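In: here you go, sequence then predicted model.
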Amino acid sequence: MNSENESKSVTRELFIECRPETLFPFFTNPEKMTQWIGRHVLLEPKIGGAFRIDINDSNIAVGEYVELVPYEKVVLTWGWTHSQLMPPGSSTVEFRLYPEANGTRLVLTHSGLPVAGMPSQLQGWLHYTSRLQAVAQGRDPGPDPYATPSGR
C-alpha cells in the first residue's frame, strides 16, 4: 500500500471516575453530549442512525451509528462536512467502556484516518475526552474554546 494513501488510527485511553452506566449516555443523549462536545447535536442512537455534531458552525462532524452495546461500546462512522480530506463516513470512531474498581476505563480508537488528518484528530480527541472526563465526574469543563469558528 502506498504510504500516501495508507490509513492510520489514533487511540486515547483514560480513566473516568463514574460507572459505565453513567458514562454511556454521554454518547447517545444529545443533552449530555453537548456538555462535552458540540454546540448542537442530532443523535439517532440506533444501528444505521445518523449523528451530527456541530462544533462551531464550520466544523460539523457527521456519520452514523454502526454498533451500540449498552454500557460497553459505541462505534460510529465519522467525517466532516465540506472536507475532502475526511468526508462524512470516511473513518470510524470506537468508544470502549471497561468497568474498573472506582470507575470506567474509556478507550477511544479513531481508525481509517488519512495521515494528514491525524494531528488535528488527535488534538481534538485529547481536548474532547478531557472535557468528557470532567463532565462525567460532575465537574464543569468550562467554555469550549473550539466552539467559535476561529477556535480550531
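Out: All right, it came through fine.
In: hey, let's count contacts and neighbours off CA atoms from now on
Out: Will do.
In: who's in contact with the longest helix along the chain?
Out: Counting residues, the longest helix found in the chain (DSSP state H) is helix 118-136. Contacts to helix 118-136, defined as C-alpha atoms under 8 Å, 6 or more residues apart in numbering, come from residues 8-12, 15-18, 22-23, 26, 35-37, 140-141.
In: mind naming the longest strand for the protein?
Out: Longest strand in the chain by number of residues, with DSSP state E as the criterion: strand 103-114.
In: which strands or helices does that one pack on?
Out: Packing partners of strand 103-114 (3 or more C-alpha pairs under 8 Å, 6 or more residues apart in numbering; DSSP states H and E): strand 7-16, strand 91-100.
In: figure out how far the first one is from the centre of its chain.
Out: It refers to strand 7-16. Strand 7-16 has its average C-alpha position 10 Å from the chain's average C-alpha position, going by C-alpha atoms, centre = their mean, to the nearest Å.
In: before we move on, what about the last one?
Out: Chain-centre distance of strand 91-100: 10 Å, with C-alpha atoms, centre = their mean.
In: may I see the buried residues of that strand?
Out: Under the neighbour-count criterion of 16 or more other C-alpha atoms under 10 Å, strand 91-100 has Ser91, Thr92, Val93, Glu94, Phe95, Arg96, Leu97, Tyr98, Pro99 buried.
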